[in-house]
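Asks: predicted model follows, preceded by the sequence.
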Amino acid sequence: MKLGRLNHVGVATPSIAKSIETYRLLLGAETIGEPFDLPAQGVKVCFVDAPNTQIELIEPYDENSPIAGFLRKNPAGGQHHVCFEVPDIHEAAAHMKANGATVLGEPRIGAHGTPIVFVHPKDFGGMLVELMETPKGDH
Ligand SMILES: CC[C@H](C(=O)O)C(=O)SCCNC(=O)CCNC(=O)[C@H](O)C(C)(C)COP(=O)(O)OP(=O)(O)OC[C@H]1O[C@@H](n2cnc3c(N)ncnc32)[C@H](O)[C@@H]1OP(=O)(O)O
Ligand SMILES: [Co+2]
């Protein structure tokens, strides 16, 4: 298991449109991607670029969204997860399981088009961790 760069910080929001305005106005964000739907993952997504990482704004795609519960508890939204890059998602998932961590589901394609998997917040002191296989050519 090799810890790679912080790819993004996931921020849940009830409104990507409103959050975009906040990041543009208060943080001076200039490079903001077009929001897009990820129905397979139950979210709408929009990436706000920072020089060394991204903010991943996520809004529920529907009432079955995995972030619906989070927003019921935190109606204004908030920091939802952090995503680290790893060279090999299957090796990373096996490493987590071998060390007693709870890997949530199987690797599947995430918002960057590469395999991702999540590890339960209880294994990281209350922080939801996403692992993402480093895009080919970025190694
Ligand atoms: C994949 C596309 C995109 C990408 O980057 O490519 C994304 O990142 S999409 C992100 C949305 N998808 C996910 O979050 C999938 C993984 N998440 C889950 O499987 C669930 O959300 C889970 C298991 C983390 C929480 O389950 P649930 O929402 O049903 O909430 P519970 O009430 O059962 O939570 C149990 C326990 O965990 C605490 N919790 C929940 N969410 C978070 C969080 N985001 N950060 C920290 N802690 C969290 C919750 O408060 C409960 O704590 P407890 O002390 O037991 O009350
Ligand atoms: Co993410």
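Replies: Nice, thanks for sending it over. Treat the numbers as computed from the prediction; the structure is a model and nothing was measured. Ligands and ions are numbered 1, 2, ... in the order given.
Asks: can we go C-alpha only for contacts and neighbour counts from here?
Replies: Noted.
Asks: the longest strand along the chain and ligand 1, any residue contact?
Replies: The strand spanning the most residues in the chain, taking DSSP state E as the definition, is strand 78-86. Yes - applying CA under 6 Å from any ligand atom, one finds strand 78-86 touching ligand 1 at 80, 81.
Asks: can you pull out the helices in this structure?
Replies: According to DSSP state H, the chain carries its helices in the segments 16-27, 68-73, 89-98.
Asks: list the buried ones in stretch 96-105?
Replies: By 16 or more other CA atoms under 10 Å, the buried positions in stretch 96-105 come out as 96, 101, 102, 103.
Asks: how about the contacts made by residue 41?
Replies: With contact set as CA atoms under 8 Å, 6 or more residues apart in numbering, residue 41 has these partners: 65, 66, 110.
Asks: quick one: contacts for residue 37?
Replies: With the criterion set at CA under 8 Å, 6+ apart, residue 37 makes contact with 43, 44, 45, 61.
Asks: can you redo those as JSON lines with distance to ligand 1?
Replies: Formatted as JSON lines, the contacts of residue 37 follow (distance: CA to the nearest ligand atom, whole Å):
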{"residue": "43", "distance to ligand 1": "6"}
{"residue": "44", "distance to ligand 1": "8"}
{"residue": "45", "distance to ligand 1": "7"}
{"residue": "61", "distance to ligand 1": "10"}
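Asks: taking those together, which two end up most distant?
Replies: 45 and 61 (9.1 Å; CA to CA).
Asks: can you check which residues contact both of those two?
Replies: 37, 38.
Asks: and these two? Which one has more around it.
Replies: A direct count of neighbours by other CA atoms under 10 Å for residue 45 and residue 61 places residue 45 higher, at 23 against 19.
Asks: neighbours of residue 118, how many?
Replies: Neighbour count for residue 118, taken as other CA under 10 Å: 21.
Asks: going forward can the numbers begin at 433, since that is how I track them
Replies: Got it, first residue is 433 now, which makes that one residue 550.
Asks: would you confirm that it contacts residue 559?
Replies: No - assessed by CA atoms under 8 Å, residue 550 is found out of contact with residue 559, at 10.7 Å.
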